[in-house]
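Novice: Below are the sequence and a predicted model for it; my questions follow.
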Amino acid sequence: MNERAPLFPIFLKLMDRPCLVIGADAVAAAKVKSLLDAGARVTVVAPRAIWEVERLAAGNEIQWLPREFQPADLDGAFLVIAATSDSGVNGRVFNEAKRREIICNAVDDPPNCDFYFPAIVRRGDLQIAISTAGESPALAQRLRQALEACFDESAGDWVRLVGILRRQILATQPPSEERNRLLHLLARGGLQECSQVLAQERVAQTSMQQDYLLDESLRTSESKS
């Protein structure tokens, strides 16, 4: 296999997936938080933990096993993060995960990673991930900062509104060139025109419903007479 093959970009659903973090220092805690934000079920293995990890465990938000890593900890794990300060432990976790065909990330150790954590620009449902394939995390962070300056917090609201209008278009417009035109117009920022078209559709549908009810009423009256 070509070890320099390009990475496969993916946004992964982790809701209710069992994920394992080895280590409980500040770096590990940040990984735990990102997993929890994605809805994962997180287990942490570490003899000692910083206060934040202890707090999460005390609140039953995670499971913490206060001991050294054991290979059996990997049983049933969907994804593993080795985030101790001991490269030997991290390497052992990665090798054991690889043997079991479980994807693993050993923090700050690119050769022992099946995947990397990208630099993220997050604005609501808008997420932009940046990776340098482990070559320069500092460069990825610099690019993230540049993109953050391009997209303020209102970008998330815009994406949410686009999503609402997109669903309305798909629900009211049959597959056609007009529907494709509206979807592309919406993506280019044509919110007002799309809203007007959808409003016209609602008016037309209301008029048709009123006409139908009137016809039904007239037929009922005629049948009674």
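Specialist: In hand now; what should we look at?
Novice: Do I have it right that residue 187 meets residue 162?
Specialist: Yes. Between residue 187 and residue 162 there is a contact at 7.1 Å, judged by CB atoms under 8 Å. In this view, the C-beta of every residue, glycine as well, is placed from N, C-alpha and C.
Novice: So for these two, which residue has more residues nearby?
Specialist: Looking at residue 187 and residue 162 with other CB atoms under 10 Å, you find the greater number of neighbours at residue 162, namely 18 against 10.
Novice: Provide the secondary structure category for the more buried one.
Specialist: helix (DSSP: H, G, I helix; E, B strand; the rest coil).
Novice: Okay, it and residue 142: tell me how far apart.
Specialist: Residue 162 is 28 Å from residue 142, where distance means CB to CB, to the nearest Å.
Novice: Domain ranges for the protein, per the record?
Specialist: Split into domains by automatic domain parsing, the chain comes to 1-117, 118-151, 155-224.
Novice: and these, which is most packed in?
Specialist: Highest mean neighbour count among the domains of the chain (mean count of other CB atoms under 10 Å): domain 1-117, with a mean of 16.
Novice: Give me the mean pLDDT for that domain.
Specialist: Domain 1-117 shows a mean pLDDT of 94.
Novice: same deal with stretch 149-169?
Specialist: Regarding stretch 149-169, the rounded mean pLDDT is 84.
Novice: Then stretch 185-201?
Specialist: 63.
Novice: if you go through the chain in chain order, where are the helices?
Specialist: All helices of the chain, identified by DSSP state H, fall at 26-37, 51-58, 87-99, 137-150, 154-172, 177-187, 191-224.
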